[in-house]
Every structure is written in C-alpha cells, then in structure tokens.
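Pasting a predicted model and its sequence here:
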Amino acid sequence: MGDKTPEGTVCVGALAGAFGVRGEVRLKSFCADPAAIESYGPLVTEAGQSFDVALSRPIPNGFAARLSGVTSKEQADALRGVRLYARRERLPALDEDEFYHADLLGLRVLDTGGTEIGRIKAVLNHGAGDILEVTTPKGVVLLPFSRAAVPTVDVAGGRVIADPPEGIFPDD
C-alpha cells in the first residue's frame with residue numbers, strides 16, 4: 001500500500017501477467033476467502049482502470065481469471081504487477097478483532113505506559129503470522145502482531161498499544 005491507493009479502497013489482489021494466449025491473467029488474491037475477490041468488483045487500479053473479474057480456475061499461487069476489456073496475451077502481460085482495489089463498502093463486515101492491513105498503516109505505536117515508540121509502516125506476513133513493521137527514531141523494528149505483543153488496537157484513536165517481547169525495541 002502507499003500513496004497511490006485509490007481513496008476509499010482496500011487492496012484485494014495483484015496481477016502476475018498473462019495465463020495462456022487468449023487474454024486470461026494470473027490473479028493473486030489477498031482476500032481471506034480467495035475466490036470471493038470476483039464478488040467485490042468492479043476492481044480498480046492505482047491508475048484508475050476498472051475491471052469486472054471472472055475467475056476461470058485455480059492455478060498455483062492464485063487463479064486464472066478474465067478481466068473485462070482484456071482480450072489478448074499482450075494486454076494481460078501489460079498488467080503484470082498491477083494491484084487491484086475494491087471499494088471498502090463492497091467488502092464483508094469485519095469481526096471485532098479483525099482489521100484490514102490498510103487501516104493499521106500509520107497508526108502510532110505506544111508502549112504500555114503510553115509513550116509513543118513509533119508508527120506502523122507496513123504489515124508483513126511471511127507465512128508464520130502477521131508482523132508489524134514499526135518505524136522508530138532509532139530505526140525499523142519488526143513486532144509480532146499477536147494479542148500478547150499488541151494487546152490493544154484502536155483504529156479510531158489512531159493507535160496500538162504494544163507490550164513487545166524483551167529486547168525487540170532499542171534500549172529495552
């Protein structure tokens with residue numbers, strides 16, 4: 001996510017180029033239910049393009065899919081690396097302890113005493129659970145995004161409370 005995210009949207013997928021020669025694309029879904037991505041459309045790009053999505057079949061690491069207006073391999077390949085965004089109101093309601101990654105970006109990180117220790121720069125996941133990338137005055141820190149390490153998330157208040165494991169933050 002970044003400054004190019006269309007307002008009022010959440011990134012739900014990315015395109016990985018052509019699949020075959022008839023205009024299908026390789027689609028990576030970032031949704032909790034990966035196949036639900038086609039129901040959140042039309043999806044938009046950072047450049048303002050809009051696409052209806054129809055999934056064809058599952059393939060390794062995603063789906064083969066058709067995008068409205070994309071009819072050739074060349075058009076599909078030209079979309080490699082493009083992120084797809086859904087209007088927030090098209091997405092399912094979240095449970096109390098669920099958050100869209102986009103909502104966490106920029107939140108202040110406070111320690112359990114209320115002292116600001118940084119801001120969330122990114123939410124990472126390398127397969128073993130979410131990790132918050134926190135920018136501090138002394139550099140970047142990776143904080144496990146677990147109830148033990150981050151007991152409070154207050155999106156409306158623009159903050160999270162962190163109780164990090166010893167030694168994660170400089171001068172711990």
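Okay, I see it. This is a predicted model, so every value here is computed, not measured. Numbering: from 1, shown residues only.

contacts, neighbours, all on C-alpha from now
Fine.

Please, where are all the strands along the protein?
Using DSSP state E, the strands of the chain run over residues 9-18, 25-29, 43-44, 50-51, 53-59, 62-67, 83-87, 108-111, 116-125, 130-136, 139-144, 152-154, 159-162.

quick check: mean pLDDT across the first one?
In this model, strand 9-18 has an average pLDDT of 90.

which helices and strands does it pack with?
Under the contact criterion of 3 or more C-alpha pairs under 8 Å, 6 or more residues apart in numbering; DSSP states H and E, strand 9-18 touches strand 25-29, helix 73-78, strand 83-87.

Give me the residues contacting it.
The contact list for strand 9-18 (C-alpha atoms under 8 Å, 6 or more residues apart in numbering) reads 1, 5, 24-31, 37, 73-74, 76-88, 100, 102.

Identify the residues contacting residue 35.
Neighbour list for residue 35: 29, 55 [criterion: C-alpha under 8 Å, 6+ apart].

what about residue 4, distance to residue 17?
21 Å (C-alpha to C-alpha, to the nearest Å).

Mind checking which of these two has more residues around it?
Using other C-alpha atoms under 10 Å, the more surrounded residue of residue 4 and residue 17 is residue 17, with 21 against 9.

Need the winner for burial among the strands of the chain.
Greatest average neighbour count among these goes to strand 25-29 (a mean of 26), per mean count of other C-alpha atoms under 10 Å.

By mean pLDDT, which helix or strand of this structure comes out lowest?
Of the helices and strands making up the chain, the lowest-confidence element is helix 101-104, at a mean of 84, by mean pLDDT, DSSP states H and E.

Alpha carbons only: can I get that one in CSV?
Extracted in CSV, the C-alpha atoms of helix 101-104 (Å, rounded to 0.1, in the frame of the first residue of the first chain):
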residue,chain,number,x,y,z
HIS,A,101,-4.0,-4.1,6.9
ALA,A,102,-4.6,-0.7,5.3
ASP,A,103,-6.3,0.5,8.5
LEU,A,104,-3.2,-0.2,10.5
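
ok, residues contacting it?
If you take C-alpha under 8 Å, 6+ apart as the criterion, helix 101-104 is touched by 1, 10-11, 120, 123, 155.

ok, of the residues you listed, which one's closest to residue 69?
Each of these was checked against residue 69 using C-alpha to C-alpha; the closest is residue 11, at 20.7 Å.

so residue 107 sits right up against residue 120, yeah?
Yes: between residue 107 and residue 120 a contact is recorded at 5.5 Å, counting by C-alpha atoms under 8 Å.
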